[in-house]
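Sequence and predicted structure below; questions after.
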Amino acid sequence: MTPYDAAPPQEARVQPPLIDGFGRTVSYLRVSVTDRCDLRCVYCMSEHMTFLPKAEVLTLEELDRIASAFVALGTRKLRITGGEPLVRKGVMGLFENLSRHLKSGALDELTLTTNGTRLEEFAADLARLGVRRVNVSMDTLDPAKFRVLTRGGQLPKVIAGIDAALAAGLSVKINAVALKDDNAGELPDLIAWAHARGCDMTLIEAMPLGEIEVDRTDQFLSLKDVRRGLESFWTLSEIAHRTGGPARYVRIEETGGRLGFITPLSHNFCESCNRVRLTCTGTLHTCLGREDASDLRAVIRDGADDAGLVDAIRLAIDAKPQGHDFQIARAAAPAVARHMSTTGG
Ligand code: SAM
Ligand code: SF4
């Protein structure tokens with residue numbers, strides 16, 4: 001028996017779905033459960049990050065309450081992310097509690113984005129709780145380069161995590177940020193490695209989120225160029241495969257695997273955006289690339305009942321911006337000040 005077995009009243013009610021001011025139905029919530037991480041990827045965080053005091057971070061019960069309110073409003077997909085979600089103490093309890101929505105049929109998918117360092121420990125439990133797919137971020141197959149890119153990470157631990165997830169029956173997608181100097185030449189090997197293990201692979205353009213030590217212009221690599229390079233020796237066939245996220249997929253005929261491209265800069269995907277993000281402090285961001293924010297922590301800590309929380313969520317969704325306008329310009333400030341690890345990738 002968990003504290004959540006008795007469903008709060010809002011979960012029993014049938015509510016109209018969340019539709020924003022541009023007619024887009026919001027059906028996908030990403031929940032960042034912590035801003036902390038055991039790695040410090042160079043494009044994501046600065047070396048010496050100041051993390052949030054505990055009192056500012058939602059408790060697991062608060063995270064569950066807000067996520068469940070979204071499920072009651074038609075959210076079909078929940079992705080748990082961070083920071084590194086698997087370093088949050090008790091996070092498996094949150095998965096366990098949220099899995100009731102899978103059992104009830106209210107939710108199609110409960111999933112996770114992780115750096116993989118603790119996946120070996122948790123893969124079997126995640127599978128038992130109804131998680132079917134995980135995204136694992138890994139930007140290189142070279143242990144020395146991995147140590148540099150993550151500022152100290154151990155690649156073998158991540159690979160052990162991927163293997164454990166596959167052994168537990170989870171589908172694994174490998175995510176890599178395309179970085180001009182660090183992994184550009186290695187991307188074909190990384191893709192072939194993933195496909196040989198039966199994993200999908202997604203490439204991501206570096207986004208201007210949060211201050212870091214390096215100038216992102218030096219790291220930015222357009223996926224248009226990457227794709228052109230891959231097409232010089234592989235056959236890329238367009239496919240209709242979608243996972244509810246922003247990636248557009250092709251099949252590589254030679255490897256037999258799928259490759260996704262997330263191109264927020266070279267081609268933005270706002271017109272079909274169905275997602276919003278909840279930070280670990282309860283701030284709802286309805287656009288990754290804008291400063292818009294609604295403080296749901298204040299709403300619940302001020303004692304709002306379920307109807308009050310629903311009203312606050314609807315108000316935020318009504319105001320979801322039409323889109324972002326990321327640009328990577330030399331020496332320019334980031335498009336938004338918050339890091340990806342705060343917003344939740
Ligand atoms: N720690 C987990 C991980 O690394 O998978 C989850 C959170 S992380 C912020 C989610 C994803 O965001 C990762 O795939 C990471 O590579 C990506 N990411 C982080 N900062 C980014 C940036 N500035 N531009 C593009 N992708 C970024
Ligand atoms: Fe941590 Fe993920 Fe950011 Fe890397 S990308 S520093 S693993 S939160």
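Structure received. Ligands and ions are numbered 1, 2, ... in the order given.

The protein: helices as residue ranges?
For the chain, applying DSSP state H gives helices covering 60-72, 91-104, 119-128, 143-149, 155-167, 187-196, 216-219, 223-231, 296-301, 306-318, 340-343.

ranking those by mean pLDDT, which is last?
Note on those: lowest mean pLDDT is at helix 340-343, with a mean of 62.

circling back: highest mean neighbour count out of the helices of the chain?
Across these, the average number of neighbours (mean count of other CB atoms under 10 Å) peaks for helix 340-343, which reaches a mean of 24. C-beta: built from backbone N, CA, C; applies to glycine.

Would you mind listing where the stretch 1-150 of the chain has pLDDT under the threshold?
The stretch 1-150 of the chain contains residues with pLDDT under 70 at 1-14.

Near ligand 2, which residues of it? Just list them.
Residues of the stretch 1-150 of the chain lying near ligand 2 by CB under 6 Å from any ligand atom: 37, 39, 40, 41, 44, 45, 82, 83, 84, 115, 137.

among those residues, which are within reach of ligand 1?
Answer for those near ligand 1 (CB under 6 Å from any ligand atom): 37, 44, 82, 84, 115, 137.

Just give me the closest of those to residue 300.
Of all these, the one sitting nearest residue 300 is residue 82; the distance, using CB to CB, is 20.5 Å.

Next, work out how far apart that closest one and residue 111 are.
To residue 111, residue 82 is 13 Å away according to CB to CB, to the nearest Å.

So between those two, which is more surrounded?
Using other CB atoms under 10 Å, the more surrounded residue of residue 82 and residue 111 is residue 82, with 27 against 24.

Next up, the contacts around the closest residue in space to that one that isn't next to it in sequence.
Spatial nearest neighbour of residue 82, chain neighbours left out: residue 34 (4.9 Å); criterion: CB to CB, 6 or more residues apart in numbering. Residues near residue 34 by CB atoms under 8 Å, 6 or more residues apart in numbering: 57, 82, 83, 84, 85, 87, 88, 280.

can you tell me how far residue 34 sits from residue 80?
Separation of residue 34 from residue 80 (CB to CB) stands at 10 Å.

coming back round to it: what's the closest of the helices of the chain to residue 173?
helix 187-196 (8.2 Å).

can you pull the contacts of residue 95?
Applying CB under 8 Å, 6+ apart, the residues contacting residue 95 are 80, 110, 125, 126, 129, 131.

wait, which of those residues is closest to residue 155?
Closest approach to residue 155 among the contacts of residue 95 (CB to CB): residue 126, at 21.1 Å.

these two touch, right, that closest one and residue 134?
Yes. Between residue 126 and residue 134 there is a contact under CB atoms under 8 Å: 6.9 Å.

Tell me the residues that contact both of the two, please.
With CB under 8 Å, 6+ apart, residue 126 and residue 134 have common neighbours 112, 165, 170.

so who does the second one touch?
Translated: residue 165. By CB under 8 Å, 6+ apart, the residues touching residue 165 are 119, 123, 126, 127, 134, 136, 172.

quick one: it from ligand 1, how far?
Noted for residue 165: a distance of 13 Å to ligand 1, by CB to the nearest ligand atom, to the nearest Å.

now swap in residue 119 and tell me
Noted for residue 119: a distance of 10 Å to ligand 1, by CB to the nearest ligand atom.

I figured that residue hits residue 135, correct?
No. Using CB under 8 Å, residue 119 is not in contact with residue 135, being 10.8 Å away.

list the residues that contact both of those two?
With contacts defined as CB under 8 Å, 6+ apart, no residue is adjacent to both residue 119 and residue 135.

and the gap between the residue nearest to residue 202 when sequence neighbours are not counted and ligand 2?
Leaving aside its chain neighbours, residue 202 sits nearest to residue 260 (3.7 Å; criterion: CB to CB, 6+ apart). Going from residue 260 to ligand 2 by CB to the nearest ligand atom gives 17 Å.

Please name the residues that touch residue 260.
Applying CB under 8 Å, 6+ apart, the residues near residue 260 are 173, 200, 201, 202, 203, 243, 247, 248, 249.

Repeat the analysis, applying 6 Å as the threshold.
Counting by CB atoms under 6 Å, 6 or more residues apart in numbering, residue 260 touches 202, 247, 249.

Any idea how many residues pack against the last one?
Which is residue 249. 19.

Just list whatever residues bridge to residue 178.
residue 205 (DSSP bridges).

So it sits against residue 206, correct?
No. Applying CB atoms under 6 Å as the test, residue 178 and residue 206 come out as separate, 7.2 Å apart.

circling back: which of the ones next to ligand 1 among the residues of the stretch 1-150 of the chain next to ligand 2 fall within strands?
Among those, DSSP state E puts residue 137 in strands.
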